[in-house]
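> pasting the structure only:
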């Protein structure tokens, strides 16, 4: 399932709006840490694309005994920039201000604890193509397996409690790294 989403995401030229939004955000965001195979480390990214407001990509990864957080904040809504009708050929055709912050955290952080207790391998995909909904994407690898999942409007779905728990914990985690107060263009 994850492989199908990744293949579709990378090869399909006619992407839905949420997939286009995620692709653009990932190309502009901080690089995703990928652990060495079978290292026992993990890497997790949650990308939040609210219908109103600013997009945020939060990465949590483990290297040895240390846990790291990396947050990419879009300082202007990427969704609005993508809604403009001019064609975008490369990420550099879409100048947008971002802020990247990083820090370490304790293993007791609620998001880290959730990932250690319940890795998101069994999450369900439920992504709509709507431009007006809230969209969320996750990527997770435990250095042996990986998964990529996406959902729209999870807070309106009673079956999406795992998604809701992970999303809610990500809001607190994103505030751990100090803000840079400097826009990168």
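Arrived safely. Keep in mind the model is a prediction, meaning the values are calculated, not measured.
> quick one: contacts for residue 109?
For residue 109, the contact set (C-beta atoms under 8 Å, 6 or more residues apart in numbering) comprises 60, 67, 69, 173, 176. In this view, the C-beta of every residue, glycine as well, is placed from N, C-alpha and C.
> Looking at those, which are in helices?
Using DSSP state H, the subset of those located in helices is residue 173.
> Quick check on the contacts of residue 109: which are buried?
Neighbour counting by 16 or more other C-beta atoms under 10 Å classes 60, 67, 69, 173, 176 among these as buried.
> From these, pick the one nearest residue 116.
Within these, proximity to residue 116 (C-beta to C-beta) peaks at residue 67, which comes in at 9.5 Å.
> what about the strands in this structure?
Using DSSP state E, the strands found in the chain span residues 43-49, 56-63, 66-74, 98-105, 135-141, 146-152.
> Looking at the ones you listed, which is nearest to residue 167?
The nearest among the strands of the chain, by C-beta to C-beta, is strand 135-141 at 6.0 Å.
> in the closest one, what's buried?
By neighbour count on 16+ other C-beta under 10 Å, the buried set for strand 135-141 is 135-141.
> Parallel or antiparallel, list what pairs with it.
Next to strand 135-141 in the sheet, as set by DSSP bridges, lie strand 43-49 (antiparallel), strand 146-152 (antiparallel).
> Report the distance from the first one to the chain centre.
Once both centres are worked out by C-alpha atoms, centre = their mean, to the nearest Å, strand 43-49 turns out to sit 2 Å from its chain's centre.
> picking up where we left off before, columns pLDDT and distance to residue 123 on top of the buried ones among the contacts of residue 109, output as TSV?
Formatted as TSV, the buried ones among the contacts of residue 109 follow (pLDDT from 0 to 100; distance: C-beta to C-beta, whole Å):
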residue	pLDDT	distance to residue 123
60	97	16
67	96	21
69	97	21
173	94	18
176	92	23
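> what would those look like in JSON lines with distance to residue 52?
Below are these laid out as JSON lines (distance: C-beta to C-beta, whole Å):
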{"residue": "60", "distance to residue 52": "25"}
{"residue": "67", "distance to residue 52": "31"}
{"residue": "69", "distance to residue 52": "25"}
{"residue": "173", "distance to residue 52": "22"}
{"residue": "176", "distance to residue 52": "24"}
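> one step back: for the buried residues of strand 135-141, which one is nearest residue 56?
Set against residue 56, the nearest of those by C-beta to C-beta is residue 136 (10.6 Å).
> residues contacting that closest one?
Contacts of residue 136 by C-beta under 8 Å, 6+ apart are 46-49, 150-152, 154, 163, 167.
> hang on, the earlier thing: of the strands of the chain, which is nearest residue 120?
strand 135-141 (5.1 Å).
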